[in-house]
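> Provided below are the primary sequence and the corresponding predicted coordinates.
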Amino acid sequence: MASGQGAKNNSMAGSQQPSSSSPRFSVKESKGFSHLRQLLLAPEQHELDRLKTRLDQFSLHPKDVGRVLPDAIRLRAQQDTRLLASLIPVTQEALALSIKQSPQLISDSIAPILGSAIRKAIAHAMRGLMQSLNQTLECSMSWRGLQWRWEAFRTGKSFAEVVLLHTLRFRVEQVFLIHKKTGLLLNHVVAEGVSGQGEEVISGMLTAIQDFVCDSFGQSQDEGLESIRIGDLTVWIEQGWGAILAGVIRGAPPMELREVFQETLETIHAQFSELLQAFQGDASSFQETRLQLEDCLQAQFEQKSRGLPWAFWIVLGLLMLGLGMWAFQAHADQQRWAYLLERLDQEPGLVMTSIQEEGTPTIYGLRDPLAINPDQILSDIGYSSQQVVFRLKPFMDLTPEFVQKRAMIQLRPPSSVVGNLEGTTLILKGEAPHSWIQQAHLLGPLLPGVTHIETRQLVDTDLKQFETLKAELESKTITFEVGNSDISLDQRSTIRDIDQTIQALDQTATILGIFPRIQIQGFTSPDGGKEVNQSLSALRAKAVLNELANGSFQAINLRTVGVGSDRLPALSSTGKAVSQERRVAFRVILPPPASVPKSRR
Amino acid sequence: MKGRGVIQKKICMLGGFAVGKTSLVKRFVTAQFSEKYHTTIGVKIDQKSLCVDDTEVHLVLWDMYGEDDFQKVRASYLRGSSGYLLVIDGTRKETLDVARQLRLLASQSMGAVPYVLMINKHDLRESWKVTPEMYKDLASNACLVLQSSAKTGEGVELAFLELAKQMLKI
Ligand SMILES: Nc1nc2c(ncn2[C@@H]2O[C@H](COP(=O)(O)OP(=O)(O)OP(=O)(O)O)[C@@H](O)[C@H]2O)c(=O)[nH]1
Ligand SMILES: [Mg+2]
């Protein structure tokens, strides 16, 4: 190939040489030749000139580089990671500069992925939260939880440990990153609550076992042992060309975990290939693998049901119930408050002037002392007296109801009396002692809202008493023997009765403020002479008067009168009637009303 | 970086059976000794930290089973080792030959790494059959040759310390 090309070049040089500067040709010949050459070789000549100038000014032409650049990058990247490494700082700086110069552009382009990333992160966090919440609730509430508490108590393990043992499907407890060639530990992470010990020794042992297996069964170094079981623990081993990833797992791990391990190991290899190659025992650069290794520390716990856990629903339900109760309560409170205001508004003797609802509700207004105590209304509705404050000033309500009520309270009537206000007249009914009636007449016009007192329908109990006593006295007689004015023994008790009746009459009359006169009338039978009879009857009346309370009464005047016989002789009578005629009787005489004040001393 | 970080180094214990490899490791790591002989099966790994000029060195000690006619030491175990202790039993001449073979194996699988030659059981020197003449060849390349005893502790610390120093130099 090379010789052929050389020959071609030589021949070209040969054909070119004479044309440019051969001294053997004459000017004329040369002119003709040159012309001929022009005719024959013009396009080639042109092309040659172009190539020549390009070679003369050779430098990398951007156009040429541009053509090969994509392929060049691809090929170089396949070879090893050095191109990548050298691109990293440039890219980082470019990115930083770009963010500084046009932040909008960057944020626009990452916004779509950022949203979903954040969503994913939140969902992940929520799931974790829910799971732990559920687990806690479930463990603390269920029968199973109690059993586990008992077990924890019995075995002396911590409750958390017992729960873990029972609910654990699998958990990656430790992850080792081991340098393949030396068996030295590059990095090591442990799950929370697990204590790692002697990890450097374990790392060595794992490698030794690995070597042993490979040697003994003739496997290549890349295959080797994939998993070791020690009781509850499984060790999963992932092989790479430079490092080994070993995960110590409790429980039964799912196959997907393998992929996680593989991916982790692959990324670590990609990132640390040179360091892995050059490793001399200083593992500090491998600290950076921590986050990747921690991704392998996965765990899965028993989940009873898919979807939202029941305990979550309980909590949610309780929350909703609480909310509902709160809303109901709020509504009921509102109703009650409205009802209270309505009650207060309708209550006679209470006037609300303003209401302040902030803080402890306060009601300002006026209250007639006779109105109901507003605290009573509060307790009727179900408020305590601390819940609502009243600021009420006393006032006088002049509605008829209150006028009447107030009047009846101030008059202090006996229980039998009822009052009824008509216009401004207070009509009293029932029975009352004389003194009270008089007082009512005096006080009535002084009562607010009352101008008259009407007592016509009111029975004066003292007056009634007086009438009764009067009738009683007037029905009584004292009888005498024929022609005699001495009071016989058997009439003594009658005299005593009469005396008492007269005393009672005297008292009643004193109450009533009247001064009645009692006429003690002596009678005889019609037999005998008229004069004799006249004097005999007078004697009989006087005899009775002498027997009565020594004759002194406060209001009553006693007078005797001899009537003689009050029957005409012609009229016959029965024997009994005759004995009844020899008697003394009484008559109560009331002075005309006008004379009452006069007779008062 | 060297001053702050921890350096790990893999070291192999090489030598014939019952020369005292396990005993030396035990003496070094836990400062104990036992007359009882439990032959090592496979490999046992221990770890001990040392300080060499402000650098913390974690020595990961691979205690091999002793080579005999039936069991050759596997090269794969030696891979990645930064140095080794070659142990000879001073009371048994035949352990010299084993040591020679092992040195060969080591230089093949580890490359040129430092090693310390230990003539062990020095507490039994009355019954020693081995003289310095006999191990001249082995001693010439060793970074340190010493007479040691796992029973008394003689030379043990020194052997490991010297090896650690040599390994860090590379
Ligand atoms: N007197 C004395 N006895 C020793 C000393 N070192 C080891 N031994 C004894 O030698 C016997 C073998 O010791 P090991 O340390 O088990 O020997 P090893 O090289 O590990 O043997 P393998 O594991 O079988 O290869 C034990 O009985 C030890 O007590 C020593 O320095 N002095
Ligand atoms: Mg041993």
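Thanks, I have it. Residues are numbered from 1 along each chain as shown, chains lettered A, B, ... in the order given. Ligands and ions are numbered 1, 2, ... in the order given.
> what pairs with A:Gln519 across the strands?
Beta bridges link A:Gln519 to A:Arg559, A:Arg587, judged by DSSP bridges.
> How about the contacts made by it?
Residues near A:Gln519 by CB atoms under 8 Å, 6 or more residues apart in numbering or on different chains: A:559-561, A:586-589. The way it works is simple: take the backbone N, C-alpha and C, and place the C-beta from them, glycine included.
> swap the cut-off to 10 Å and go again
A:Gln519 makes contact with A:541, A:557-561, A:563, A:585-589, according to CB atoms under 10 Å, 6 or more residues apart in numbering or on different chains.
> Out of these, which is nearest to chain B?
Ranked by distance to chain B (CB to the nearest CB), the contacts of A:Gln519 are led by A:Val588 at 137.9 Å.
> can I assume the closest one is in contact with A:Thr468?
No - the pair A:Val588 / A:Thr468 is not scored as a contact, 11.5 Å apart, by CB atoms under 10 Å.
> more neighbours, those two?
Neighbour comparison, A:Val588 and A:Thr468: the larger count goes to A:Val588, with 19 against 14 (by other CB atoms under 10 Å in any protein chain shown).
> quick one: low-confidence parts of the stretch 401-550 of chain A?
Per-residue confidence of the stretch 401-550 of chain A (counting by pLDDT under 70) places the weak regions at A:549-550.
> Enumerate the residues of it near chain B.
Not one residue of the stretch 401-550 of chain A sits near chain B, judged by CB under 10 Å from any CB of the partner chain.
> By residue count, which strand of chain A is the longest?
The single longest strand within chain A, with elements called by DSSP state E, is strand A:168-179.
> Could you tell me which strands sit next to that one in the sheet, and their orientation?
Strand A:168-179 pairs in its sheet with strand A:185-190 (antiparallel), strand A:243-251 (antiparallel), strand A:299-301 (antiparallel), by DSSP bridges.
> which element follows the last one toward the C-terminus?
Read that as strand A:299-301. Using DSSP states H and E, the next helix or strand after strand A:299-301 towards the C-terminus is helix A:310-346.
> OK, contacts around the residue of chain B found nearest ligand 1?
In chain B, the residue that lies nearest ligand 1 is B:Gly66 (2.3 Å; CB to the nearest ligand atom). By CB under 10 Å, 6+ apart, the residues touching B:Gly66 are B:13-22, B:39-40, B:73, B:87, B:89, B:95, B:98, B:102.
> one more time with 8 Å, if that's ok
B:15-19, B:21, B:39-40, B:98 are the contacts of B:Gly66 under CB under 8 Å, 6+ apart.
> Give the other helices and strands that the strand or helix carrying A:Ala94 contacts.
A:Ala94 is part of helix A:82-101 when elements are defined by DSSP H and E. Here helix A:82-101 touches helix A:62-79, helix A:103-141, going by 3 or more CB pairs under 8 Å, 6 or more residues apart in numbering or on different chains; DSSP states H and E.
> The spatially most central residue of chain B pairs with what?
Nearest to the geometric centre of chain B sits B:Leu85, at 2.1 Å (CA atoms, centre = their mean). Per DSSP bridges, the residues bridged to B:Leu85 are B:Met13, B:Val116.
> Tell me, how many residues neighbour residue 93?
Chain wasn't specified; assuming chain A. Neighbours of A:Glu93 using other CB under 10 Å come to 10.
> Let me rephrase: I mean chain B.
Other residues lying near B:Lys93 total 14 when counted by other CB under 10 Å.
> Touching, it and B:Lys129? I think so.
Yes - at 4.9 Å, B:Lys93 counts as touching B:Lys129 under the criterion of CB atoms under 8 Å.
> quick one: low-confidence parts of chain B?
Looking at chain B by pLDDT under 70, you get B:1-4, B:170.
> which other residues reach the longest helix along it?
Scanning chain B for the helix with the most residues, using DSSP state H, yields helix B:94-110. Applying CB under 8 Å, 6+ apart, the contact partners of helix B:94-110 are B:12, B:14-16, B:19, B:66-68, B:73, B:75-76, B:78-82, B:84, B:86-89, B:113, B:115, B:117, B:130, B:134-135, B:137-138, B:141.
> I'd like to know which of the contacts of A:Gln519 are buried.
The neighbour-count criterion (16 or more other CB atoms under 10 Å in any protein chain shown) marks A:541, A:558, A:560, A:563, A:585-586, A:588 among those as buried.
> Now B:Tyr135: closest residue in space that isn't a chain neighbour?
B:Leu96 (6.0 Å; CB to CB, 6 or more residues apart in numbering or on different chains).
> sorry, back to before: relative to the whole chain's centre, how far out is the helix holding A:Ala94?
Mean-position distance between helix A:82-101 and its chain equals 57 Å (CA atoms, centre = their mean, to the nearest Å).
> Just want the angle from that helix to helix A:62-79.
Using axes from the mean of the first three to the mean of the last three CA atoms, to 10 degrees, the inter-axis angle of helix A:82-101 relative to helix A:62-79 is 120 degrees.
> contact partners of helix A:82-101?
Against helix A:82-101 from outside (CB under 8 Å, 6+ apart): A:73, A:76-77, A:105-106.
> quick revisit: next, format the buried ones among the contacts of A:Gln519 as TSV and append distance to A:Pro374.
As requested, these are exported to TSV (distance: CB to CB, whole Å):
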residue	distance to A:Pro374
A:Ala541	72
A:Leu558	63
A:Thr560	70
A:Val563	74
A:Ala585	67
A:Phe586	63
A:Val588	58
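> Out of the helices and strands packed on helix A:82-101, point me to the one whose mean pLDDT is lowest.
When the helices and strands packed on helix A:82-101 are compared on mean pLDDT, helix A:103-141 scores lowest, with a mean of 68.
> if I look at A:Trp313, how far off is ligand 2?
63 Å (CB to the ion, to the nearest Å).
> so which helix or strand takes in the one residue in chain A that gets nearest to ligand 1?
As assessed by CB to the nearest ligand atom, ligand 1 sits closest to A:Ala208 within chain A, at 14.5 Å. A:Ala208 is part of helix A:199-217, with elements assigned from DSSP H and E.
> And the strands in chain B, which stretches?
Using DSSP E, strands in chain B cover B:6-15, B:43-52, B:55-64, B:83-89, B:115-120, B:144-147.
> Point out the one among the ones you listed that comes closest to ligand 2.
Nearest to ligand 2 among these is strand B:55-64; the distance by CB to the ion comes to 5.8 Å.
> Remind me what that closest one packs against, helices and strands.
helix A:199-217, strand B:6-15, helix B:21-30, strand B:43-52, helix B:156-169.
> ok, the second one near ligand 2 or not?
No - in terms of CB under 5 Å from the ion, no part of strand B:6-15 sits within range of ligand 2; the closest distance is 7.7 Å.
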